[in-house]
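Participant: next one to model:
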Amino acid sequence: MNKIKMNTVEKELYYQGEVIVRYKIEYPEIITSYYNEGIQIFNHENRKSALELKEYAEGELYEQAKQTYEFNKKNGYPIMVYELVRECNITYNQNQLVSLYCDEYIFEGGAHGNTLRKSQNWDLKIAQEIPLQAFSKGNPYYLIDILKQINKQIAEQIENGVGSYFPQYCQLVLETFNLENYYLTPNGIVVFFQQYDIAPYSSGILTFLVK
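Facilitator: Predicted structure coming up:
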């Protein structure tokens, strides 16, 4: 098991003496006292991702917030604070495999913000991320099996009166399924769908444990 710490970069950005942007960005770092190429690449990629988000918050997002501020001031509307929050969760950390997901929430005015989930699945031994297919155990129909499991779980939830999905969820599961949207857990592989993919906003990011 690797020792992983969560770093945080956060700041409030001002315009004309008022806060108009607030960001808080988490990113993981594997702590080690020896050189390991996989760990070095993992740390580099996560620092790079956090820096890109920071630059977005202080650049494009800040400019949008300035325009909204000036419009609201001119028209007597309340001042809105734009937000960017990134939270990361380690879901698996054993045998040179590290899996995690990060939720990036952005509020740019309007009724509510939106959250985008991004996952990472690393094999530190080969110093790269691994595809979902690596866990197929040679099954050429693994994708069909996964889709069947997802649709079965949805049907059971609907039958039991839990969960809210669009009526055409079977078609949407097929259309929006993304090979990169998965992470590992001790209990198996979790596949996830973004907001609005297969269900209303209120349902959030939906997850399905597949084996």
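
Participant: what lines up beside the helix or strand hosting residue 23 in the sheet?
Facilitator: Of the helices and strands defined by DSSP states H and E, residue 23 is found in strand 18-31. Here the strand partners of strand 18-31, with direction, are listed using DSSP bridges: strand 3-15 (antiparallel), strand 82-94 (parallel).

Participant: among those, which is the most enclosed?
Facilitator: Per-stretch averages of neighbours, counted by mean count of other Cβ atoms under 10 Å, single out strand 82-94 among these, with a mean of 18. C-betas here are computed from N, CA, C, even on glycine.

Participant: show me how far that strand is from its chain's centre.
Facilitator: Its chain's average C-alpha position is 7 Å from that of strand 82-94, according to Cα atoms, centre = their mean, to the nearest Å.

Participant: tell me what residue 190 is bridged to.
Facilitator: residue 183, residue 209.

Participant: give me the buried positions along the longest helix seen in the chain.
Facilitator: The longest helix of the chain (DSSP state H) is helix 37-56. Taking 16 or more other Cβ atoms under 10 Å as the basis for neighbour counts, the residues of helix 37-56 that come out buried are 38-39, 42-43, 46, 49-50, 53-54, 56.

Participant: can I get these in a markdown table with distance to residue 155?
Facilitator: Listed next are these as a markdown table, based on distance: Cβ to Cβ, whole Å:
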| residue | distance to residue 155 |
| --- | --- |
| 38 | 40 |
| 39 | 42 |
| 42 | 38 |
| 43 | 42 |
| 46 | 37 |
| 49 | 36 |
| 50 | 39 |
| 53 | 37 |
| 54 | 43 |
| 56 | 39 |
